[in-house]
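Asks: structure for this input, please:
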Amino acid sequence: MKKFKFFPLLLMLSLIFACASPAALALEDPQTQAQAIVLADLDTGEIVYSKNMEQQRSPASLTKIMTVLLALEALENEQCSMEDMITAGADCLTGMSEDSSTSGIMPGEQMSFRDLLHCALIQSANESCNILATYLSGSIGAFVEKMNQRAAELGCINTRFVDPNGLSSENITTAYDLYLITREAISHPDFMSICNTVYHEVPATNMSAMRQMYNSNALISPGSIYGSHYVYEGAAGVKTGYTRAAGYCLISTAERNGINAVAVVLGCGGQLNTGEEEFGNFVASIQLYDWLFGNFSHRTILSSAEFFEKVQVALAAGDGSVILRPERDVTVLIPNEVSDDSISTSVTIYDEMLTAPIDAGTVLGKVVVSIDGEEQGSINLVNNSAVELSKLEFIKLKLGEFFSKGWVITLIVIVAVLLVVYLILVSRYRALRRRHLQERRRAEEMRRRQRAAREYQKRMEQRRYEEEEEYDYDYELPQRYTRLDAEERRTDPADIDELFNRYRY
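Replies: You can find the predicted model right below:
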């Protein structure tokens, strides 16, 4: 399966895009007046519902989310501290109009970094953003450049800021880009802590008495200027916004039944733009959350503790196999009406990776999740434990690779031919030598027999000669000896023993 590339640790499982395939799940879209919407699961990053999410629009005071994000990042980089006392410069009222939201901060007034953040997020004070921008970057313009740079880093390709507070209609972004910026801001604890502050008091300054302020987000603040009847159970943060060009806007979060969601709504109507009594940004957000919490729930499709697949590994020690499991739990947000039977998985194994040694946790495949046959996302498969290399199998492999080379095969053939020729020559030599030795032995045996025959003949001739030479003497002596009388035999010098020895053969 070499054609597949490796996937990240967890691909976002975009299981539901109601705007793209509403009929597939037979779930009706939420009905709201918002012109652009993103509704997403904060835990997985899954966009559950969207509407015109790539459409460029003016964000109004939602711009302040980026301003505060940069301020908090400067804080974490120890460029400043929450207790820093900052003096408002002459440019703090830049771009302000009579109806701009403000905390009444004037040039020359001193306020802590912490309080300026609260003024920006809770009361949506435009001048506080100008003060923070100048303090952090030396000028409003330099700070705006950083805003655009940071937006690009977050993947906001349709965003351009011209001020730090959103007063200008030339600020352009999309619901999706605002979702990316907000998701990053939410990852900073101080951001959500300030956003969720319902009531805040700014201590007296060198130019003002103590200030009291209520959060402008009516989903969490009964004291909001928009009234108390929008308070929503489980809601938290983030920021309101309004200009005539942008309409009523809101980014908020809400959690219920284990679902942690964020909603971006742009371009809603209200008292100042459409003359409606209700403020559409809050109404639309509530409608989205009710739709989500009433129709969806989290469901664990795959567990990292589950042994999912057993595969063979080349050159592995032991039984040569390894067990694969999902890299992590796959818990997705699915409409309640989707049955388990409609959820299926398919496994792809990266065969080119299945060679020992393999470290534990190595990506060796993937499992694809589908609903009613339509692919929705995937998760990596990793090995549960390390796979050790078998030295014996490794040696076999290397030998096999070596002897499979063309020049080696040619050399082996040549050596084999030479060996066969050598064996033939040796065999022929040994046969000839055996024949030679046999003939030599036969010849030596013949010569030995001939020598023995000659020696025997010679002995026989010598014996006959000796017998013939001594015949008379040997014959007469015993005759004479028998004729001697007793006295003569005693006195006869003849050697009796020699006599008998001579004739005993």
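Asks: which strands or helices does the helix or strand that contains Val420 pack on?
Replies: Applying DSSP states H and E as the criterion places Val420 in helix 406-469. Applying 3 or more CB pairs under 8 Å, 6 or more residues apart in numbering; DSSP states H and E, one finds that helix 406-469 contacts helix 391-403. Placement of C-beta: from N, CA and C, glycine included.
Asks: report the angle between the axes of the helix it packs on and helix 406-469?
Replies: Angular relation of helix 391-403 and helix 406-469 on a 0 to 180 degree scale: 90 degrees, by axes from the mean of the first three to the mean of the last three CA atoms, to 10 degrees.
Asks: just the buried residues of helix 391-403, please?
Replies: By neighbour count with 16 or more other CB atoms under 10 Å, helix 391-403 contains the buried residues Phe394.
Asks: who's in contact with it?
Replies: Ala314, Leu315, Ala316, Ala317, Ala356, Val408, Ile409, Ile412 (CB atoms under 8 Å, 6 or more residues apart in numbering).
Asks: quick check, nearest of these to Ser370?
Replies: Ala314 (30.3 Å; CB to CB).
Asks: can you count the residues close to that closest one?
Replies: Other residues near Ala314 come to 15 when the count uses other CB atoms under 10 Å.
Asks: state the mean pLDDT of the helix holding Val420.
Replies: For helix 406-469, mean pLDDT rounds to 88.
Asks: nearest to Ser208 among the contacts of helix 391-403?
Replies: Once CB to CB is applied, the member of the contacts of helix 391-403 that ends up nearest Ser208 is Ala356, at 72.3 Å.
Asks: Provide the contact partners of stretch 111-118 at residue level.
Replies: 68, 71-72, 75, 80-86, 88, 105, 119, 128, 131-132, 135, 190, 194, 197, 200, 202-203, 205, 213.
Asks: rerun that using 6 Å as the cut-off
Replies: When contacts are defined by CB atoms under 6 Å, 6 or more residues apart in numbering, stretch 111-118 is touched by residues Val68, Cys80, Met82, Asp84, Met85, Ser128, Ile131, Leu132, Ile194, His200, Val202, Thr205.
Asks: same thing with stretch 31-47?
Replies: Contacts for stretch 31-47 (CB under 6 Å, 6+ apart): 12, 14, 48-53, 55, 57, 175-176, 179, 260, 262-268, 280, 284, 287-288, 333.
Asks: kindly provide the whole-number mean pLDDT of stretch 194-213.
Replies: 96.
Asks: start to end distance for that stretch?
Replies: Terminal residues of stretch 194-213 are spaced 12 Å apart (CA to CA, to the nearest Å).
Asks: got the buried residues for that stretch?
Replies: Those would be Ile194, Cys195, Asn196, Thr197, His200, Val202, Thr205, Ser208, Arg211, Met213, for stretch 194-213 by 16+ other CB under 10 Å.
Asks: drop anything exposed from the contacts of stretch 31-47.
Replies: Applying 16+ other CB under 10 Å to the contacts of stretch 31-47 flags 48-53, 57, 175-176, 179, 260, 262-268, 280, 284, 287-288, 333 as buried.
Asks: quick one on the thing from earlier: closest one of the contacts of helix 391-403 to Ser124?
Replies: Ala356 (60.9 Å).
Asks: burial check on Val421, number of neighbours?
Replies: 10.
Asks: so what's it up against?
Replies: No contacts exist for Val421 under CB under 6 Å, 6+ apart.
Asks: cool, Gly234 as well?
Replies: Ala254, Glu255, Arg256.
Asks: quick check: phi and psi on Thr102?
Replies: The phi/psi pair for Thr102 (degrees, to the nearest 10) reads phi -150, psi 160.
Asks: can you count the residues close to the closest residue to it other than its chain neighbours?
Replies: Leaving aside its sequence neighbours, Thr102 sits nearest to Ala125 (CB to CB, 6 or more residues apart in numbering; 5.3 Å). Residue crowding around Ala125 was assessed by other CB under 10 Å; the count is 25.
Asks: quick check: Ala125 touching Cys119?
Replies: Yes. Using CB atoms under 6 Å, Ala125 is in contact with Cys119, at 4.0 Å.
Asks: which residues are in contact with each of those two?
Replies: Ser103.
Asks: burial count for Ala356?
Replies: Using other CB under 10 Å: Ala356 sits among 19 other residues.
Asks: what's the answer for Met446, then?
Replies: 10.
Asks: tell me how far the residue nearest to Phe161 when sequence neighbours are not counted lies from Glu153.
Replies: Of all residues beyond its chain neighbours, the one nearest Phe161 is Met147 (4.5 Å), with distances taken as CB to CB, 6+ apart. For Met147, the distance to Glu153 equals 11 Å [CB to CB, to the nearest Å].
Asks: looking only at neighbour counts, state which of those two leads.
Replies: Met147 (24 against 9).
Asks: what helix or strand is the more buried one on?
Replies: Here Met147 is assigned to helix 140-153, by DSSP H and E.
Asks: chain center to stretch 45-56: distance?
Replies: 29 Å (CA atoms, centre = their mean, to the nearest Å).
Asks: nope, stretch 302-321 is what I was after
Replies: Distance, centroid of stretch 302-321 to centroid of chain: 16 Å (CA atoms, centre = their mean).
Asks: what about that stretch, how long is it end to end?
Replies: 22 Å.
Asks: hmm, back to that, between the contacts of Gly234, which has the most around it?
Replies: Ala254 (25 neighbours).
Asks: that residue falls within a strand, correct?
Replies: Yes. Judged by DSSP: H, G, I helix; E, B strand; the rest coil, Ala254 forms part of a strand.
Asks: so what's it bridging to?
Replies: Legend: beta-bridge partners of Ala254 under DSSP bridges are Ala235, Ala261.
Asks: inside helices: which ones of the contacts of stretch 31-47?
Replies: Judged by DSSP state H, helices contain the following of those: Ala175, Tyr176, Tyr179, Gly280, Ala284, Gln287, Leu288.
Asks: and those residues, which is closest to Ser303?
Replies: Tyr179 (28.9 Å).
Asks: count of neighbours near the nearest residue to the closest one once chain neighbours are set aside?
Replies: Spatial nearest neighbour of Tyr179, chain neighbours left out: Val38 (4.5 Å); criterion: CB to CB, 6+ apart. Using other CB under 10 Å, Val38 has 27 neighbouring residues.
Asks: now whichever strand or helix holds Val38: mean pLDDT?
Replies: Taking DSSP H and E as the definition, Val38 sits inside strand 36-41. Here strand 36-41 scores 97 as its mean pLDDT.
Asks: that'll do, ta.
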